[in-house]
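1. show me the folded form of this:
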Amino acid sequence: MKKRSILFLSFILVLSIIVTACSSGESSTPAANGSPVAGETKVLKLGHVAAPDTAYDNFAHEFKRLIEERSDGRYQIDIYPAGQLGIDRELMESLQIGNVDFTVITASDINQFVPAMGVQDLPYLFMDWDHVEKYLASDACKEFYALTDSVGMTTLSFMPRGFRHVTTNSKPVYSPADLSNLILRVAESEVYIDTFRALGANSIS
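-> Okay, the predicted model is just below:
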């Protein structure tokens, strides 16, 4: 059995994650553990939904650069942006069965597979950017890395993208009270839906 990998994005801090496949270690042969044969280059696929030259895509290209450089060319990462290999849930399912090797995705999407990851999407968890960086370097954050193993995926890294914000076509939002009765489209996450409903908005996904 093999596990696949992902990269994510989300918090009410927006956090991105990179996830990959991992081998169960049932066999030591190259065919079983995914290692390239000596002298050959193993090609791996990384898919994501964002357009080229966006934060997701730049993150993916930096990941590609590091893997190819540090493996001395034994691994090649081919990047498929803009949903070429499927949308978020399809990418995660492809990851589980081995059709995709890596993906970059939002943390709110992985919550559909691992609900416990949703705690990172709770509002008001972080006081400022320094607090975010300390959390990402902490043992507490590292505990979340292992949660995706149970669903055939392995989290490699988190990438903070900033804090979520609300945009409307009717009125500015300065405080939770301004959310009253607003219809808001949010990520397909129970945490997001329930949070904005608790603040008075009519949240839909």
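
2. partners of the helix or strand hosting Lys45 in the sheet?
-> Counting by DSSP states H and E, the element that carries Lys45 is strand 42-47. Counting by DSSP bridges, the strands paired with strand 42-47 are strand 75-80 (parallel), strand 102-106 (parallel).

3. looking at the ones you listed, which is buried most?
-> Among the strands paired with strand 42-47, strand 102-106 has the highest mean neighbour count (mean count of other CB atoms under 10 Å), at a mean of 28. To be clear about C-beta, it is placed using only N, CA and C from the backbone, and glycine gets the same treatment.

4. what's the weakest-modelled helix or strand in this protein?
-> Every helix and strand of the chain was ranked by mean pLDDT, DSSP states H and E. The lowest is helix 30-33, at a mean of 44.

5. got the strands paired with strand 42-47 as a markdown table, with mean pLDDT columns?
-> Below are these laid out as a markdown table (pLDDT from 0 to 100):
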| stretch | mean pLDDT |
| --- | --- |
| strand 75-80 | 97 |
| strand 102-106 | 91 |
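
6. of the ones you listed, which is nearest Phe113?
-> Nearest of those to Phe113, taken as CB to CB: strand 102-106 at 10.3 Å.

7. low-scoring stretches of the protein, by residue?
-> Within the chain, the stretches with pLDDT under 70 are 1-14, 21-34.

8. show me the strands in it, by range?
-> 2-9, 13-23, 42-47, 75-80, 102-106, 153-163, 183-185, 202-204 (DSSP state E).

9. mind putting the ones you listed in TSV, distance to Ala137 included?
-> Below are the strands of the chain laid out as TSV (distance: least, CB to CB, whole Å):
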stretch	distance to Ala137
strand 2-9	17
strand 13-23	14
strand 42-47	25
strand 75-80	25
strand 102-106	20
strand 153-163	10
strand 183-185	32
strand 202-204	32
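
10. between those strands, which gets nearest to Val173?
-> Taking the strands of the chain one by one with CB to CB, strand 183-185 is closest: 9.5 Å.

11. quick one: contacts of the helix ranked longest in the chain?
-> Scanning the chain for the longest helix, with DSSP state H as the assignment, gives helix 55-70. Outside helix 55-70, the residues that touch it by CB atoms under 8 Å, 6 or more residues apart in numbering are 7, 9, 16, 18, 46, 48-51, 75-77, 79, 81, 102, 104, 159, 161.
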